[in-house]
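Enquirer: coordinates only, sequence not included:
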DNA sequence: CTCATATCGGTATATAAATATCGATAACAG
DNA sequence: CTGTTATCGATATTTATATACCGATATGAG
């Protein structure tokens, strides 16, 4: 791993805290304790307190944290308040799904360019974003000063697409293809490994089935 | 975590080994060493050997592992050879993308049912799979003996969908909604936390930009 | 047939993460 | 104004993970 690796579970938990806090309605108390968050999310309270300590400095005894401040601190730490432009390559089903998911903007990511090499797609637009010929990746990324690339092309083309993005000045790649991308030292890669997730899930399933059995007595 | 948790990084690495091994062409040697895999994937060779030891028992000194056997063992461990049926709920963009991604079948997952509550979608079919009214989730899952559920609905509906799936006998949930699902002890949940991934990526990006600067001198 | 070398597999150490323990503080009740 | 309780934050312990080390084994060269 070239760029400094940050703890994945930590980010997962921080995101969960943020989701939980945001979902609380306005009539809830202004303050919230680490213990409350911990029990709500089925976590250890010390973990929560330690995690929060790394992003915020509020925290008063007996009271807890000010909810609004905590949300702001989490959002800041997670980069949600600092939007960056991104380019997506590969306007297949997954690509379209990501292009259509405007919610990413709440997480600090704005997809401003879409590329594909299929002539039938070039010129069309998905969710208001025009699809441009993949040949122009490097050029356009550089012109638009884009530093984040999202790869949703088939495996076989992932590396060449990645190279084009890097050539265009991209410094962080979100890779949905199950490939091992080779990048220069100053480029970060985050693999979205669906296959691994799936394997974990099915392993847990198998485990659960052997442990608890298949047929639950349910009044159904 | 109710169901026994398995090490996420381990699964990630195993998936990477498998991808790498599969991508090797037929004219490569029959055997491969842990060291070779390690260097190819930029990992420590001991990690690779240890990981492999937990899924396979081949391994001869001086030779390495038999490639075909290793692939088979990895696939077996990752459950790719043991297909399970799954139901997907929420035929939006992401849902459609997953439904259209036939490649999951290579990973041991076959989506056999799709649900949505939108009347315009019900009755239509996506990639050969008919969309059924969400009201029938529990019933149909039980009839088809489905044990895996995939949730791609908006946040607000995730919990009720999850409850319906569990009522239908689902024992493993792949959750794409950024919510904290409450499930019985015998049900496994794998959250696909895109927001967390994004946060990690942008953090790495920020890190890289401060460390290496924005403007690389490139002959472009 | 013997020696050098590549590689495996087990044991040992180092690092990082999760969990437990404890004192300090601040609100509230009496 | 004093005692009780909830909560934070710091330190310590346990656990898990990653890395390093070393002997055993099998191949191929001389």
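Expert: Nice, I can see it. Every value quoted in this text rests on a predicted model; they were computed, and no experiment measured them.

Enquirer: can you list contacts of stretch A:115-123?
Expert: With CB atoms under 8 Å, 6 or more residues apart in numbering or on different chains as the test, stretch A:115-123 has contacts from A:87-91, A:95, A:130-137, A:140, A:157. To be clear about C-beta, it is placed using only N, CA and C from the backbone, and glycine gets the same treatment.

Enquirer: check which residues of it are buried.
Expert: A:115, A:116, A:117, A:121, A:122 (16 or more other CB atoms under 10 Å in any protein chain shown).

Enquirer: sort out for me which of those residues are in strands.
Expert: A:115, A:116 (DSSP state E).

Enquirer: check chain A for its longest helix and report it.
Expert: In chain A, ranked by residue count with DSSP state H as the criterion, the top helix is helix A:194-212.

Enquirer: does residue A:186 touch residue B:210 like I think?
Expert: No: using CB atoms under 8 Å, residue A:186 is not in contact with residue B:210, being 11.0 Å away.

Enquirer: re earlier: farthest pair within the contacts of stretch A:115-123?
Expert: Using CB to CB, these span at most 20.5 Å, a distance reached by A:130 and A:157.

Enquirer: so between those two, which is more surrounded?
Expert: Neighbours were counted for residue A:130 and for residue A:157 using other CB atoms under 10 Å in any protein chain shown; residue A:157 has more, 16 against 11.

Enquirer: against residue B:111, how distant is that one?
Expert: From residue A:157 across to residue B:111, the span is 25 Å (CB to CB, to the nearest Å).

Enquirer: could you chop chain A up by domain?
Expert: Chain A breaks down into these domains under automatic domain parsing: A:8-77, A:84-195.

Enquirer: between those, which one is closest to residue B:48.
Expert: Residue B:48 sits nearest to domain A:84-195 of all the domains of chain A, at 13.1 Å, using CB to CB.

Enquirer: can you list the residues of chain A near DNA strand D?
Expert: Residues of chain A lying close to DNA strand D (CB under 7 Å from any atom of the strand) are A:33-36, A:45-46, A:49, A:52-53, A:57-65.

Enquirer: from residue A:106, how far off is residue A:22?
Expert: Relative to residue A:106, residue A:22 is positioned 10 Å away (CB to CB).

Enquirer: pick the most deeply packed of the domains of chain A.
Expert: Mean neighbour count (mean count of other CB atoms under 10 Å in any protein chain shown) peaks for domain A:84-195 among these, with a mean of 19.

Enquirer: starting at the chain centroid, how far to that domain?
Expert: Relative to the centre of its chain, domain A:84-195 is centred 14 Å away, using CA atoms, centre = their mean, to the nearest Å.

Enquirer: and it, how far apart are its ends?
Expert: Taking CA to CA, to the nearest Å, the first and last residues of domain A:84-195 lie 28 Å apart.

Enquirer: same check, this time on stretch A:130-137
Expert: Chord length of stretch A:130-137, first to last residue, is 13 Å (CA to CA).

Enquirer: show residues contacting that stretch.
Expert: Residues from elsewhere that reach stretch A:130-137 (CB under 8 Å, 6+ apart): A:87, A:89, A:91, A:113-117, A:121-125, A:140, A:161, A:164-165, A:167-168.
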